[in-house]
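Q: Sequence and predicted structure are below.
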Amino acid sequence: MPKRRGRALGVSVATGVVGLLCAAAGFAVIGSGGYSAHPMGGDTMNPVLRQGDLILTDRVAAADVRRGDIYLADSPWMLDHLVASRVTALGGDRIACAGGRLTLNGEPPDEPAARQVHTCYLDFDVTVPPGRAFLMSDRRADAVDSRLSTGDGQQGTVELARLTGHRVVWHSGSDAPDLPGKLVGAAALVALGALLGLGGLIASVVTATRRRTA
C-alpha cells in the first residue's frame, strides 16, 4: 500500500509539472507575438473599428508591414497617443489627390468607394520614401492622418518602426473577426496547463494526506 501511494504521489507531481510546462509554453507564445490590448478611441476608423471597441494588436517586422492593414501608429504628427490608421502606401508608392480623385501609382486604390468620401479635400502628390508609410483613416472627413502633413520634411509619412508593435489583428463588436490561430492555440495551452497543474496539486495534497493518516 505505501508503494502504491508513493507511486500515486509521483504521478500527481508529474502531472502538475507537465501542467506548469504547458502553461509556460502558452505564455511564451503569447509573449513572442507581442500581443497587447487597447481601447478604440474616436470614430475615424468607422465602421470597421468603433469607439469603445477592444483592439488586439501584435508585433511584426518592418518588412511585414502591408498595405491595407490597420495599425496603431505611435504618436505621429505631434500627437501624444496611439492613432488607428490604415496603411495606404509604402516606400516607393506614389499616392496623390487631384481634382477630388485619389490614385495610387496612377490607378484608383483597391478600397470601397464609401471610404473615399472626403478623401481629397486637400490636393497632394507624395512619393513615399523607403522605410516609411502613408497612413489614412477610413472616415476621412475629420481624421488626423498623413494627408494633413504632406508639407513637412517627410511628406506626412510615418516611419515603419512606429507601426511594427501595433498591427490590429482582432477587435470586439458584432462583426469581430476570428482570433488569430496562434493566439487561440496559446490560450488552449495555458488553459490545459492550468487544469493539469490544479489537478496535480489537488491529487498530491489528497495523496499526502492519506499517507499521513494511514
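A: Alright, I've got the coordinates.

Q: Am I right that residue 147 sits in a strand?
A: No: going by DSSP: H, G, I helix; E, B strand; the rest coil, the assignment for residue 147 is helix, not a strand.

Q: tell me the contacts of it?
A: 97, 119, 122, 124, 136, 140, 156 (Cβ atoms under 8 Å, 6 or more residues apart in numbering). Using the backbone N, CA and C atoms, a C-beta is placed for each residue, glycine as well.

Q: quick check, nearest of these to residue 167?
A: Checking the contacts of residue 147 against residue 167 by Cβ to Cβ gives residue 136 as the nearest, at 16.3 Å.

Q: What is the neighbour count of that closest one?
A: By the criterion of other Cβ atoms under 10 Å, residue 136 has 23 neighbours.

Q: Could you do residue 153 as well?
A: 8.

Q: where does it sit relative to residue 20, distance-wise?
A: 52 Å (Cβ to Cβ, to the nearest Å).

Q: Buried subset of the contacts of residue 147, written for ChimeraX?
A: Buried residues among these (16 or more other Cβ atoms under 10 Å), as a ChimeraX selection:
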select :97,119,124,136,140,156
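
Q: So which bits of the longest strand anywhere in the chain are buried?
A: If you go by DSSP state E, the chain has its longest strand at strand 82-90. Residues of strand 82-90 classed as buried: 82-90 (neighbour count, 16+ other Cβ under 10 Å).

Q: the strands in the chain, which residues?
A: So, for the chain - with DSSP E - the strands run 36-39, 54-58, 70-74, 82-90, 94-98, 101-104, 124-127, 132-136, 158-159, 167-171.

Q: Highest mean neighbour count out of the ones you listed?
A: Sort the strands of the chain by mean neighbour count, taking mean count of other Cβ atoms under 10 Å, and strand 132-136 sits at the top with a mean of 26.

Q: which residues are contacting that strand?
A: 65, 71, 73, 76, 83, 85-91, 93, 95, 119, 126, 128, 143, 145-147, 154-160, 163.

Q: Repeat the analysis, applying 6 Å as the threshold.
A: 85-91, 95, 128, 145-146, 157-160 (Cβ atoms under 6 Å, 6 or more residues apart in numbering).

Q: Check what pLDDT residue 182 gets.
A: On pLDDT, residue 182 comes in at 68.

Q: Please apply the same query to residue 55.
A: Per-residue confidence at residue 55 stands at 90 (pLDDT).

Q: from here on, count from 5
A: Sure, I'll start numbering at 5, so the last one becomes residue 59.

Q: Quick one: residues contacting it.
A: Counting by Cβ under 6 Å, 6+ apart, residue 59 touches 42, 44, 172, 175.

Q: And the nearest residue to the first one once chain neighbours are set aside, how far from residue 109?
A: Taking Cβ to Cβ, 6 or more residues apart in numbering, and ignoring the residues beside it in sequence, residue 42 has residue 59 as its nearest neighbour in space, at 4.7 Å. Using Cβ to Cβ, we find residue 59 at a distance of 30 Å from residue 109.
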